[in-house]
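In: Next come a sequence and a model predicted from it.
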Amino acid sequence: SELTTPNGAQWALINVHMSAFDKCGNVRKQQLVYVLDYVESLYANGKHVVIGGDFNMQLADTDFPTTTAEEFLFWRTKFPQERLAEGWQIVVDSSVPTMRSNERPYVKGENFTSVIDGFLVSPNVDVLAVRGIDTNFEFTDHQPVFAVFAAKP
């Protein structure tokens, strides 16, 4: 959606949920190319762009403990940061996992966990805060991420 704030800043806010479970992440990477082309055009037209959601790609390097067998992790792929245009940034809280594997009921330190949910922001956006919210995966196999953004002057 697009909105204009009282100070005149024009924003484009986009929610994504990339494909999951395709081997090597090829579908996700193709989806990302489309999304990045679209948001780069929004930015070129003066919009402050925030893309948030489930990228289904590892957005940060993490080393959370796990006993999950590799056979359940075939879908893992890293976000191709080299694809980002200059000044664009990934915004996450790498201290709190945002997803867990679902091959079994959740047990902290056993299920694979990672950070695949977060935000991507254009160069004209300031990140004032970002915080993962640890619910111990009580409600779903994902956990929310809270962030506060402002338009750069």
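Out: Nice, thanks for sending it over.

In: going forward, measure contacts and count neighbours with C-alpha atoms only.
Out: OK.

In: can you list contacts of the helix or strand of the chain with the lowest mean pLDDT?
Out: Every helix and strand of the chain was ranked by mean pLDDT, DSSP states H and E. The lowest is strand 2-4, at a mean of 84. Applying Cα atoms under 8 Å, 6 or more residues apart in numbering, the external contacts of strand 2-4 come out as Gln10, Trp11, Ala12, Leu13.

In: Dump those residues into CSV; add distance to Pro105 as well.
Out: Output for the contacts of strand 2-4, formatted as CSV (distance: Cα to Cα, whole Å):
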residue, distance to Pro105
Gln10, 43
Trp11, 40
Ala12, 37
Leu13, 34
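
In: Format those residues as TSV; extra columns: distance to Glu70, pLDDT and neighbour count.
Out: What follows is the contacts of strand 2-4, written out as TSV (distance: Cα to Cα, whole Å; pLDDT from 0 to 100; neighbours: other Cα atoms under 10 Å):
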residue	distance to Glu70	pLDDT	neighbour count
Gln10	45	95	17
Trp11	41	97	20
Ala12	38	96	17
Leu13	36	97	15
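
In: show me what contacts the most centrally placed residue in the chain?
Out: For the chain, the residue nearest the mean C-alpha position is Gly118 (3.1 Å; Cα atoms, centre = their mean). Applying Cα under 8 Å, 6+ apart, we find Gly118 in contact with Gly52, Gly53, Asp54, Phe55, Leu59, Ile90, Val91, Val92, Asp93, Val145.

In: Any chance you could list what contacts whichever strand or helix holds Ser41?
Out: Of the helices and strands defined by DSSP states H and E, Ser41 is found in helix 26-44. With contacts defined as Cα under 8 Å, 6+ apart, helix 26-44 is touched by Ala12, Met18, Ser19, Ala20, Asp22, Val49, Phe55, Asn56, Met57, Pro80, Leu84, Ser122.
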